[in-house]
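> I'd like to go over a predicted model; first the sequence, then the structure.
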Amino acid sequence: MAGMTEKLADQHCRPCEGGVDPLNVEQAEQLMQGLHEDWVLREDGLEISRRFRFPAYSRTLGFANAVAWIAITEGHHPELVVNYGTCDVKWSTHAVNGLSDNDFICAAKVDRLITDSG
C-alpha cells in the first residue's frame, strides 16, 4: 500500500472544469488501495471521507490548517468538519458530481501529512 500511496501523494491535481465523467465505483475502489485503510468510500461512490482524532483542540486546528494548505496549494478543496478532538475530511469533485483522481491525490497527501508528523 505504501508504494501506491506515495505515487498518489507525489502527483498534483489537474484543473477540473467538468465535462468529464466522474470515476466509477470500480475505479474508485482501485484508487482506495492507495490510501490509508481508514478512508471510506461512500456507498454511491461519490465521496471519500476519513475521521482524524487528536488529543487536544490545538492539534485538531493545526491539522485542519495543514489540510487547508494542501487544498490551497492543489486548488482542490475538501469539506472539513472540525470539533474538539476530531476533524472529518471529505473529498469529492463538484465539477463532475463525483470523484476524480484529484480527490485521491489530495487524500494521499493528507495521509502523508499524518505519517510525517508522527
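Sure thing, it's come through.
> which strand or helix spans the spatially most central residue of the chain?
By C-alpha atoms, centre = their mean, the chain has its centre lying nearest to A107, at 2.5 Å. Per DSSP states H and E: A107 is located in helix 101-117.
> ok, now how distant is the closest residue to K7 other than its chain neighbours from E79?
Distances taken as C-beta to C-beta, 6 or more residues apart in numbering place G34 nearest to K7, at 6.8 Å, with adjacent residues excluded. Yep, even glycine has a C-beta here, placed from its N, CA and C like the rest. Applying C-beta to C-beta, to the nearest Å, the value for G34 to E79 is 21 Å.
> mind checking which of these two has more residues around it?
Higher neighbour count among G34 and E79: G34, with 21 against 11, using other C-beta atoms under 10 Å.
> so that one touches L8, yeah?
Yes: with contacts counted by C-beta atoms under 8 Å, G34 reaches L8, the gap being 4.7 Å.
> list residues touching both of those two?
By the contact definition C-beta atoms under 8 Å, 6 or more residues apart in numbering, G34 and L8 are jointly contacted by F104, A108.
> what bits of this structure have low per-residue confidence?
Filtered on pLDDT under 70, the chain yields the residue ranges 1-6, 13, 15-18, 117-118.
> now the helices for it?
Secondary structure of the chain by DSSP state H: the helices cover 2-9, 25-32, 57-74, 101-117.
> quick check: which of these is nearest to W91?
Closest to W91 of the helices of the chain is helix 101-117 (C-beta to C-beta; 3.8 Å).
> quick one: buried residues of that closest one?
Buried positions in helix 101-117, judged by neighbour count with 16 or more other C-beta atoms under 10 Å: 101-113.
> among these, which two are most distant?
Of all pairs drawn from those, the one with the longest distance (C-beta to C-beta) is D101 and L113, at 18.7 Å.
> residues contacting the closest residue to V25 other than its chain neighbours?
Of all residues not flanking V25 in the chain, G45 sits nearest, at 3.9 Å (C-beta to C-beta, 6+ apart). Applying C-beta under 8 Å, 6+ apart, we find G45 in contact with P22, L23, N24, V25, A28, G98, L99.
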